[in-house]
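J.: quick check, what structure comes out for this input:
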Amino acid sequence: MNRWLDERRQMSLDPTVTMLNTGSFGPTPTPVFEACLALRRRLAPGPTDFFLRQVPPLLWASRERTAAFLGSVPQRFVFATNVSLAINMIADGIELAAPGELLISDHEYGAMIWTWERAAQRLGLTIRTFPVPKFPQDAGEVIDAAKAAMTPRTRLFFFSHIVASTGTILPAKELCAEARKRGILSVVDGAHAPALLDLNIGDIGADFYAGNLHKWLLAPIGAGFMTYGPGMEDRLPPLWVSWGYRPDSAYMPNAAAIHPDARDQYGSTPRTRALEFVGTMDVCPWLSVPEAIDFHAALGWTAIRAKHQELAEFARTKFAELLGWTLATPPGPTWSGPMTAFEVPAGIDPFRLRERLWERRIEIAMNVRPDRALLRVSHHWYTTEDEIERLVLALKEVSNSD
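T.: Next up is the predicted model:
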């Protein structure tokens, strides 16, 4: 039997749906779901015991394991419910000198554009964009485009490690290095990077890096993170006042003497707890992340990423043969992984197209940009070639009937 079809049985997938949108929300593997459910069963009958006594060692273990997996360290690793919240922590907390500007790429996620527009208004700054080349031949083209846009007025540089609309992988390490040379803070939206890439955040050298764990790692919904680089420890005040806001002297008489980066009794450090703790909430998704890491490690990271490239090539071939749609994602493992985007032909309403596909129980992402509409196929290891072909045939049928 096909090895991947056999492994697919471990996925929580609706058999009536062709799921081609992991790039938005990853379905949860059964072992990961069961691990999270088991934790919630411990929480439900005894929440006081669970939060006060059981969570701290579990949270620290998950923090250590997740940080190591991502190439970070637990002292700089802050759990969050998702990347949008994590980026908002940065945008709403950072202080920057005015006048000046924020520099972002022209391919950013809509909610993140709004986030930085609000931050710019708060800080008295302006926003400029730089164009990401559509089909770069080498990393230098992207780096040069960013360098050309950086000026003495640039205070902060924000970009996506992997462009959400096209799946294009940007040279994050080199871009952060260029910002650092000019004294510009770098903030990287790594929403799609964990598990899609062999990620090493420490090597990238961003001042702030945030991401999701519910997409390609397939951790439960509610698992995201933010990390900060050396020298950034005190740049962000917590956006909420809860029990992590000050040293907890009521329960730890010597709390004020504890180093802000030392492990505390809560499964964090005083510094990460101040940013992370918002009061009572379900932390079971955070505690389940190691199970998602183990699940994929058992499949084999090299095999998974080879499967990504195999499916991407299949999608490109089928779209070219049967539809003739224009590819919007640079081919090859340097530039792309399991997200392949195609330009929706002129004259086709992309929103109506998505509705027509859902009528056929095909789940797909559509991104409408000022210059074009893009259909994005997110093909993870559990995706089959039959599902991609089903999408292409449905698109052909819908296009011919309109």
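
J.: work out for me the element residue 188 sits within.
T.: With elements taken from DSSP states H and E, the one containing residue 188 is strand 185-190.

J.: restricting to C-alpha, output that strand in CSV.
T.: Once side chains and other backbone atoms are set aside, the C-alpha atoms of strand 185-190 remain, and they are given as CSV (Å, rounded to 0.1, in the frame of the first residue of the first chain):
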residue,chain,number,x,y,z
LEU,A,185,14.4,46.5,13.9
SER,A,186,13.3,43.4,12.0
VAL,A,187,10.0,41.7,12.7
VAL,A,188,9.3,38.5,10.8
ASP,A,189,5.9,36.9,10.3
GLY,A,190,6.6,33.2,10.3
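
J.: after that strand, which helix or strand is next?
T.: On the C-terminal side of strand 185-190, the closest following helix or strand by DSSP H and E is helix 201-204.

J.: helices or strands next to that following helix in the packing?
T.: Helices and strands in packing contact with helix 201-204 are listed as helix 172-181; criterion 3 or more CB pairs under 8 Å, 6 or more residues apart in numbering; DSSP states H and E. Yep, even glycine has a C-beta here, placed from its N, CA and C like the rest.

J.: list the buried residues of the helix it packs on.
T.: Neighbour-count burial for helix 172-181, counted by 16 or more other CB atoms under 10 Å, picks out 172, 174-176, 178-180.

J.: repeat for stretch 385-400
T.: Judged by neighbour count (16+ other CB under 10 Å), stretch 385-400 contains these buried residues: 387-388, 390-392, 394-395, 398-399.

J.: low-confidence ranges, the stretch 1-150 of the chain, go.
T.: 1 (pLDDT under 70).

J.: need the strands for it, in chain order.
T.: Listed in chain order, the strands of the stretch 1-150 of the chain (DSSP state E, counting those that start in this stretch) span residues 18-19, 77-80, 101-105, 126-130.

J.: TSV for those strands, including mean neighbour count?
T.: Listed next are the strands of the stretch 1-150 of the chain as TSV, based on neighbours: other CB atoms under 10 Å:
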stretch	mean neighbour count
strand 18-19	21
strand 77-80	24
strand 101-105	23
strand 126-130	16
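
J.: let me have the ones you listed in TSV, extended by distance to residue 350.
T.: TSV is the format used below for these (distance: least, CB to CB, whole Å):
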stretch	distance to residue 350
strand 18-19	18
strand 77-80	31
strand 101-105	22
strand 126-130	22
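
J.: where's the closest residue to residue 8 other than its chain neighbours relative to residue 193, distance?
T.: Once its chain neighbours are removed from consideration, residue 8 has its nearest residue in residue 382; the separation is 4.5 Å (CB to CB, 6 or more residues apart in numbering). When distances are taken as CB to CB, to the nearest Å, residue 382 and residue 193 turn out to be 19 Å apart.

J.: more neighbours, those two?
T.: residue 193 (28 against 23; other CB atoms under 10 Å).

J.: residues contacting the more buried one?
T.: 161-162, 199, 211 (CB atoms under 8 Å, 6 or more residues apart in numbering).

J.: can you pick the most crowded of those?
T.: The most neighbours, when the contacts of residue 193 are compared by other CB under 10 Å, belong to residue 211, which has 31 neighbours.

J.: would you agree it is in contact with residue 191?
T.: Yes: counting by CB atoms under 8 Å, a contact exists between residue 211 and residue 191, whose distance comes to 5.9 Å.

J.: overlap in contacts of these two?
T.: What both residue 211 and residue 191 touch, as defined by CB under 8 Å, 6+ apart, is the set residue 83.

J.: coming back round to it: pull the most distant pair out of the buried residues of stretch 385-400.
T.: Spatial extent of the buried residues of stretch 385-400 (CB to CB) is set by the pair 387 and 399 at 18.8 Å.

J.: pick the one among the contacts of residue 193 closest to residue 51.
T.: Taking CB to CB as the measure, residue 51 sits nearest to residue 211 out of these, at 25.7 Å.

J.: got a pLDDT number for the closest one?
T.: We have a pLDDT of 98 for residue 211.

J.: next, it: secondary structure please.
T.: Following DSSP: H, G, I helix; E, B strand; the rest coil, we place residue 211 in the strand state.

J.: chain neighbours aside, what residue packs nearest to it?
T.: When the adjacent residues along the chain are set aside, residue 211 lies closest to residue 190, with 3.6 Å between them (CB to CB, 6+ apart).

J.: of the strands of the stretch 1-150 of the chain, which is nearest residue 229?
T.: strand 77-80 (11.8 Å).

J.: got the CA coordinates for the helix or strand containing residue 307 in CSV?
T.: Here residue 307, judged by DSSP H and E, is contained in helix 301-322. These are the backbone C-alpha positions of helix 301-322, laid out as CSV (Å, rounded to 0.1, in the frame of the first residue of the first chain):
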residue,chain,number,x,y,z
TRP,A,301,11.0,15.3,8.0
THR,A,302,13.0,14.6,4.9
ALA,A,303,10.3,12.3,3.5
ILE,A,304,7.6,14.9,4.3
ARG,A,305,9.4,17.7,2.5
ALA,A,306,10.1,15.4,-0.5
LYS,A,307,6.4,14.7,-0.6
HIS,A,308,5.7,18.4,-0.6
GLN,A,309,7.8,19.0,-3.7
GLU,A,310,6.3,15.9,-5.4
LEU,A,311,2.8,17.2,-4.9
ALA,A,312,3.8,20.8,-6.0
GLU,A,313,5.2,19.5,-9.2
PHE,A,314,2.0,17.4,-9.8
ALA,A,315,-0.2,20.5,-9.2
ARG,A,316,1.9,22.6,-11.6
THR,A,317,1.7,19.9,-14.3
LYS,A,318,-2.0,19.4,-14.0
PHE,A,319,-2.9,23.1,-14.0
ALA,A,320,-0.7,23.6,-17.1
GLU,A,321,-2.0,20.5,-19.0
LEU,A,322,-5.8,20.8,-18.2
